[in-house]
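Enquirer: sequence first, predicted coordinates after that:
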Amino acid sequence: MRLRRRLSVLVAIALVPSLLLTAYNAARWRIFLEQESRATALSEARVTSSQLDQIIDNARQLLTAMTKLPLNTDNESECASYLRSVISDVATFHDAAIVGPDGKLVCSTAPDALDAADRLYFSQASNAGKLRVGTIVQGRPTGSTSIRLSVPYKDADGALKGVIVLIGDLEKFAGRLQAYQWRPDHRLILLDGHGSLLLTLPNDDSGQADALAKLIFPPNSYAKSGAVVVKDPVGRSLIVGVAAASGGAAENLYIAVALDGDSALAETSLVNVRGIAFDFIFIILAVIGVWLAAYLMIDRPVRAIIRSAHKWESGDKKSAFPKFRFSDEFGQLSAALTRMSGRIDELLKQKDLLLRELQHRVMNSLALLSGLLEMQRRSTKSAVAKENLANARDRIVAMGTVYRHLYQTNTLEYVEFSEFLRTICETSASAYVGTKRSIDVDAEPLELPGPHAISLGMLTHELITNALKHAYSDNESGSIKVTLKHKKRSGIDLSVSDRGRGLPPDFKIDRKSSSLGMKMIASTARQLGGTLEINRLTPGTEFVIHLPADIARA
């Protein structure tokens, strides 16, 4: 991974905690606002419940006063007139009635009123002996819905004479509650003790309010008050506060206030999303800024230094390292590399000069040694000694040839061995081959380290010399073929072959062999990690040196 990538990753990691902290604060703030919305819904439900208690308590006082007055139930018209005079100033209730102990209607302000023996408001008031708020009732003659308050009245002896009923108009109930500055984004739901919907504000969708009542009533019917979060029929999240009436006549009524949770939390959600988005964008911009700054201030100078180093490494000694302000680290590094490259260049020149001087001295020493051996050979009378001295001279001449090739090619480490092999063959041909014999070379390119090239060159010279001396008689014509081939799997093969008289039948190469040249050939092949193979041709002989493929990289 590049340095500027590492810096960008580090910056991103350093800024991630800030993003996480923003997300944590956003979540905490949302939870806080949701709790505040729950508290608001519950508070408004309780306030509205107290307002409803006041409305019903006023009705209770009116009914109690009516029970204290003597009512002439024998005269129906007079009784009805009395009831009209009582409720004329009461805006919430539009009708009143008196029901006898048997449930038969005694008198009423409503036309065509029917019996009430099967109505809960009658039976509850009769059995409880106190004021009761009945469930929502649909009038039989009119079909309109209303809420009814009933209270029993008794004679002087305490005997039940009947039930007085006030019939409340739901729209007027709603109007009284709407007068308390009701917020348009809130919904008010009034439930009876059975979970039935009595009224809703706003009353634009009573079907949706009824479905909502079925969701919120069961969990709050025992707790009497609380706040819940539900989904309405269209999928909106609603925060609902439910409060039961405080007691008395309205103890079986429930007030529910529903807030649109999505609207209540919309602003904070938007703020939270913006905060997280801004933090994320800030992290991206910071990473981009670090990326560009690292490219301009770090990556580009480093690349310039690396390019100069590669050029210098490839042999372009004139390539200078880039110049920066010396006061910064890159300027100091470039200056230090420039000084170091200059010093290395001087050392390499000194090394090359010393090596050339050494090679020159070695060649002179080999030439002097070969001359001494030649002088000794001429002064020796023994034929065997002359042959041995001649062989030693030839090997020294071969070593001189190798060193001369290295000196001329100006190579210190690697040698192109195919050219080196041709040079050895040309030297051998000029020294030993007459007009009747020739040396053919077929060599593929191969780069070898200097020491391996020297060893393999000496080995090849020894094989050529043996072929020239032993393959053909003195006046016999013939050729020697030298090949260097790359094998696909087995490495590299170097072969020297002739079409001469061949080897003796009992020829072997082992430690007991008297031939110094053959011992040297076998030993050199083993040192190079290869093997020596001798093939008898018809006619002639082929010596093959099998070398491993990695010798060129050794």
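Expert: Looks like it arrived, so ask away. Treat the numbers as computed from the prediction; the structure is a model and nothing was measured.
Enquirer: alpha carbons of stretch 68-76, as PDB, please.
Expert: Output in PDB follows, covering the C-alpha atoms of stretch 68-76 (Å, rounded to 0.1, in the frame of the first residue of the first chain):
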ATOM      1  CA  LYS A  68     -84.800  17.800  44.300                       C
ATOM      2  CA  LEU A  69     -87.800  19.500  42.700                       C
ATOM      3  CA  PRO A  70     -91.300  18.000  42.700                       C
ATOM      4  CA  LEU A  71     -92.000  16.900  39.100                       C
ATOM      5  CA  ASN A  72     -95.600  16.600  37.900                       C
ATOM      6  CA  THR A  73     -95.300  13.500  35.900                       C
ATOM      7  CA  ASP A  74     -99.000  13.000  35.700                       C
ATOM      8  CA  ASN A  75     -99.300  15.900  33.200                       C
ATOM      9  CA  GLU A  76     -97.100  15.000  30.200                       C
END
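Enquirer: tally of neighbours for Leu201?
Expert: Neighbour count of Leu201, defined by other Cβ atoms under 10 Å: 20. The way it works is simple: take the backbone N, C-alpha and C, and place the C-beta from them, glycine included.
Enquirer: tell me what it is bridged to.
Expert: Leu188 (DSSP bridges).
Enquirer: and Asp474, what element?
Expert: Asp474 is part of no helix or strand when elements are defined by DSSP states H and E.
Enquirer: okay, now His486: neighbour count?
Expert: For His486, using other Cβ under 10 Å, the count is 13.
Enquirer: what's the answer for Leu160, then?
Expert: 14.
Enquirer: give the contact list for it.
Expert: Neighbour list for Leu160: 101, 126, 152, 154 [criterion: Cβ atoms under 8 Å, 6 or more residues apart in numbering].
Enquirer: cool, and Val151?
Expert: 60, 63-64, 67, 125, 130-132, 163-164.
Enquirer: how about a cut-off of 10 Å?
Expert: 59-60, 62-64, 66-67, 121, 125, 128-132, 163-166, 249 (Cβ atoms under 10 Å, 6 or more residues apart in numbering).
Enquirer: how far away is the residue nearest to Thr92 when sequence neighbours are not counted from Thr64?
Expert: Residue nearest to Thr92 in three dimensions, not counting chain neighbours: Lys172, with 5.1 Å by Cβ to Cβ, 6 or more residues apart in numbering. Distance of Lys172 to Thr64, given as Cβ to Cβ, to the nearest Å: 21 Å.
Enquirer: again, but for Val228
Expert: If you go by Cβ to Cβ, the gap between Val228 and Thr64 works out to 37 Å.
Enquirer: which of these two has more residues huddled nearby?
Expert: Val228 (19 against 14).
Enquirer: what about Val415, which SS state?
Expert: The three-state label given to Val415 by DSSP: H, G, I helix; E, B strand; the rest coil is strand.
Enquirer: quick check: beta-bridge partners of it?
Expert: Leu448.
Enquirer: let's see the pLDDT reported for it.
Expert: At Val415, the model reports a pLDDT of 77.
Enquirer: I figured it hits Ser455, correct?
Expert: No - look at Val415 against Ser455 with Cβ atoms under 10 Å: they stay out of range, at 11.3 Å.
Enquirer: okay, the two: which has more neighbours?
Expert: With neighbours defined as other Cβ under 10 Å, Val415 and Ser455 compare such that Val415 has more, 24 against 18.
Enquirer: next one: that one from Gly517, what distance?
Expert: Separation of Val415 from Gly517 (Cβ to Cβ): 23 Å.
Enquirer: hang on, the earlier thing: can you count the residues close to the residue nearest to Thr92?
Expert: Neighbours around Lys172, by other Cβ under 10 Å: 16.
Enquirer: what strand or helix carries it?
Expert: helix 170-178.
Enquirer: ok now stretch 455-469, how far from the chain's centre?
Expert: For stretch 455-469, the separation from the chain centroid amounts to 66 Å (computed by Cα atoms, centre = their mean, to the nearest Å).
Enquirer: C-alpha coordinates for that stretch, PDB please?
Expert: Taking C-alpha atoms only, stretch 455-469 is exported to PDB below (Å, rounded to 0.1, in the frame of the first residue of the first chain):
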ATOM      1  CA  SER A 455      35.000 -22.500 -15.900                       C
ATOM      2  CA  LEU A 456      32.800 -23.500 -18.800                       C
ATOM      3  CA  GLY A 457      35.100 -21.800 -21.200                       C
ATOM      4  CA  MET A 458      38.100 -23.800 -19.900                       C
ATOM      5  CA  LEU A 459      36.100 -27.000 -20.100                       C
ATOM      6  CA  THR A 460      35.100 -26.300 -23.700                       C
ATOM      7  CA  HIS A 461      38.700 -25.500 -24.600                       C
ATOM      8  CA  GLU A 462      39.800 -28.800 -23.100                       C
ATOM      9  CA  LEU A 463      37.200 -30.800 -25.100                       C
ATOM     10  CA  ILE A 464      38.200 -29.000 -28.400                       C
ATOM     11  CA  THR A 465      41.900 -29.600 -27.700                       C
ATOM     12  CA  ASN A 466      41.300 -33.300 -27.000                       C
ATOM     13  CA  ALA A 467      39.200 -33.600 -30.200                       C
ATOM     14  CA  LEU A 468      41.900 -31.900 -32.300                       C
ATOM     15  CA  LYS A 469      44.700 -34.100 -30.900                       C
END
